[in-house]
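Peer 1: got a sequence here, can you model it:
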Amino acid sequence: MDIDLPRVRAHAAHAIALALATVLAGCTMGPNFTRPETTPPPSWPAVTSPQAEVPSKAVARPYDGRLWWSVFKDPVLDALVDEAVRQNLDLQTAALRIEEARAQRGTAVAAGRPSISGNGIGGRQRSSENGLVSSLSGAPSQQGSSGGAGSASPAPSPYSDLFQVGFDATWELDLWGKARRGVEAADANIVSAEQARGDATVSLTAEVARTYLSLRGAQRQRAIVLADIADQRALFKLADSRSRHGFSAQADAVQQQAQLSNAEAQLAPIDQNVAQAMNRLALLLALPPGALVERLGPAPQADVALPPEVPVGLPGDLLRRRPDILKSEADLHAATARVGEAKAQLFPSITLGGVAGLQSVHASSLTDWASRFWLGGAQVSIPIFEGGKLKAQIRTADAQLKEAALNWRSTVLSAYHDADNALVAYADEQRHASALARALADARRSDALMRSRYRNGFVSMIEVLDAQRTVHQAEQQSLQSNVTASTDLVALYKALGGDWTGDPAHPDSVASTAR
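Peer 2: Presented below is the predicted three-dimensional model:
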């Protein structure tokens, strides 16, 4: 049996090259990402420290923030939040950024795959008669004046045709993991965009709830002022009657008139707050100004009811739940991958390429088998001198990695502080509200007593006015404290991560409305 040694050597060389490429393909430059480690506080100081009893107490049970706004038992608020999540423009923009990140991942994936393109040429050209081609052909550019007809060969025509169709292919082998690191960074950017949408969702739902509760508080404040105006008018009639019949000085009636005017003057700022809160809600729902006026009619008379208990979990739970922390972690992952991408630029690159097609100077013979041509090979590129550009890129990537690591630590630390501060504010405001409620009850009893004594002539109108002013201030303060406590609860839910689950598909309606 005859052995074709050249063919065997060629096959062996191909096999060795393929094995070498396979081995080198497993090389990936740069550090591998590992989730950052941190030691969270063992518990919330505001939960474990001794504290006075409050109507709504934070407890260290597992946190469940699903539809957290439903704790206020207000169907209008529930509907507003649902519409905001579906219609808010900022949320739709965040969903589009996810699509953008996914498209950029496709670009990163394509960098590690072969590239094939087709081409075609058909045209006519004229070469210079005094150019290089004419000089190499040996033909004179001009006929000598003394030469005969047979002394020189005819000059070649400067015109020529060229027709060509074919394709070319290139493939840069990912020997050092540059393309794989690019895909890894792109995947992390997708997670970052998804968590950014989660953070926007948490902020949106919290802003809708906070604005709605503030609106209801302003509407209830308006009702209190209207009731106070009616009361002041009744007292003015009484003071005016007593003054006209000589039972009191005319100054009492004048003072009561001033008190009535002062109460009426409070309506305009309150109406402004109501209108602005409604417009703010309309903006969050992507609606024009005034679109919610009929829908958000008079506020309920009762105070906002707080839940008896608020499960808050443990501080370490924030690392897996808060979208801003998960986003900063994804940014850190992307920065880590970009370090490897930059380091891979220092090493040689091998690009496989080939060109094949049909070429002819006559269109009629372009499809002939003899018109075929091809070229295949490999190109090796070795960076020798780049003026320090590649090393500068690595230093930049390293600095960005350190910056991302510090940003992650800062985000985690801020999250702990946000949640603990929200817990403290929620508990303290409830104690404040309880004290104000007791003060309001005392002021109302004092006011009733003063009115009775005034009717019987035992006290002056000045004392009645002081009692009324005390009641009015106590009502306003008690209402404001109740609204503040409810908005503090909103801030607490937001600090704990809101309703965001970290699921990239949540909520589906946001992505669909952005398309």
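Peer 1: okay, buried residues for stretch 484-501 please.
Peer 2: 484-500 (16 or more other C-beta atoms under 10 Å). Heads up, the C-betas are built off the backbone N, CA and C, glycines and all.
Peer 1: show me the shaky parts of the chain.
Peer 2: 1-26, 50-52, 131-155, 245-249, 461-462, 500-515 (pLDDT under 70).
Peer 1: buried residues in the longest strand along it?
Peer 2: Counting by DSSP state E, the longest strand found in the chain is strand 159-172. Applying a neighbour-count criterion of 16+ other C-beta under 10 Å, one finds 163-166, 171-172 buried in strand 159-172.
Peer 1: packing partners of that strand?
Peer 2: Here strand 159-172 touches strand 115-126, strand 349-360, going by 3 or more C-beta pairs under 8 Å, 6 or more residues apart in numbering; DSSP states H and E.
Peer 1: go with 10 Å
Peer 2: Packing partners of strand 159-172 (3 or more C-beta pairs under 10 Å, 6 or more residues apart in numbering; DSSP states H and E): strand 115-126, strand 349-360, strand 372-381.
Peer 1: wait, which of those strands is closest to H417?
Peer 2: Among these, the nearest to H417 by C-beta to C-beta is strand 349-360 (47.7 Å).
Peer 1: list the pairing partners of that closest one within its sheet, with orientation.
Peer 2: strand 159-172 (antiparallel), strand 372-381 (antiparallel) (DSSP bridges).
Peer 1: reformat those as CSV; add distance to K73.
Peer 2: Below are the strands paired with strand 349-360 laid out as CSV (distance: least, C-beta to C-beta, whole Å):
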stretch, distance to K73
strand 159-172, 62
strand 372-381, 68
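Peer 1: of those strands, which approaches S452 most closely?
Peer 2: strand 159-172 (95.0 Å).
Peer 1: which helix or strand contains G65?
Peer 2: Taking DSSP states H and E as the definition, one finds G65 inside no helix or strand.
Peer 1: the closest residue to it other than its chain neighbours: what's it in contact with?
Peer 2: Sequence neighbours aside, D499 is the residue nearest to G65 in space, at 5.1 Å (criterion: C-beta to C-beta, 6 or more residues apart in numbering). When contacts are counted by C-beta atoms under 10 Å, 6 or more residues apart in numbering, D499 touches 64-70, 81, 85, 198, 201-202, 205-206, 493, 506-507.
Peer 1: and if we set it to 8 Å?
Peer 2: Going by C-beta atoms under 8 Å, 6 or more residues apart in numbering, D499 touches 65-68, 201-202, 205.
Peer 1: can you say which of these are buried?
Peer 2: For these, buried by 16+ other C-beta under 10 Å: 65, 68, 201-202, 205.
Peer 1: could you dump the residues you listed to a markdown table with distance to P383 and secondary structure?
Peer 2: A markdown table is the format used below for the buried ones among the contacts of D499 (distance: C-beta to C-beta, whole Å; DSSP: H, G, I helix; E, B strand; the rest coil):
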| residue | distance to P383 | secondary structure |
| --- | --- | --- |
| G65 | 52 | coil |
| W68 | 55 | helix |
| T201 | 45 | helix |
| V202 | 46 | helix |
| T205 | 51 | helix |
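Peer 1: mind listing the helices in the chain by residue range?
Peer 2: Taking DSSP state H as the test, the helices found in the chain are 5-25, 45-48, 75-87, 89-110, 132-137, 178-244, 250-265, 267-284, 318-321, 323-343, 389-455, 461-495, 508-513.
Peer 1: coming back round to it: right, and the strands paired with strand 349-360 - which one's nearest D240?
Peer 2: Short answer: strand 159-172, nearest of these by C-beta to C-beta, at 95.5 Å.
Peer 1: next, the angle from the closest one to strand 115-126.
Peer 2: For strand 159-172 against strand 115-126, the angle by axes from the mean of the first three to the mean of the last three C-alpha atoms, to 10 degrees is 160 degrees.
Peer 1: how big is the angle separating strand 159-172 from helix 178-244?
Peer 2: 70 degrees.
Peer 1: what comes into contact with strand 159-172?
Peer 2: By C-beta under 8 Å, 6+ apart, strand 159-172 touches 111-127, 179, 349-363, 366, 373.
Peer 1: with stretch 110-124 instead?
Peer 2: 159-172, 174, 178-180, 182-183, 357, 363.
Peer 1: among the helices of the chain, which comes closest to V54?
Peer 2: helix 389-455 (4.1 Å).
Peer 1: which helices and strands does the closest one pack with?
Peer 2: By 3+ C-beta pairs under 8 Å, 6+ apart, helix 389-455 packs against helix 45-48, strand 57-59, helix 318-321, helix 323-343, helix 461-495.
Peer 1: could I get those as a markdown table with distance to S414?
Peer 2: Shown next, in a markdown table, are these (distance: least, C-beta to C-beta, whole Å):
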| stretch | distance to S414 |
| --- | --- |
| helix 45-48 | 16 |
| strand 57-59 | 19 |
| helix 318-321 | 10 |
| helix 323-343 | 8 |
| helix 461-495 | 10 |
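Peer 1: out of these, deepest packed?
Peer 2: helix 323-343 (a mean of 23; mean count of other C-beta atoms under 10 Å).
Peer 1: what is it packed up against?
Peer 2: helix 178-244, helix 318-321, helix 389-455.
Peer 1: about what we covered before: need the buried residues of strand 159-172 in a markdown table (columns: distance to P269).
Peer 2: Converted to a markdown table, the buried residues of strand 159-172 look like this (distance: C-beta to C-beta, whole Å):
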| residue | distance to P269 |
| --- | --- |
| F163 | 83 |
| Q164 | 80 |
| V165 | 79 |
| G166 | 78 |
| W171 | 71 |
| E172 | 68 |
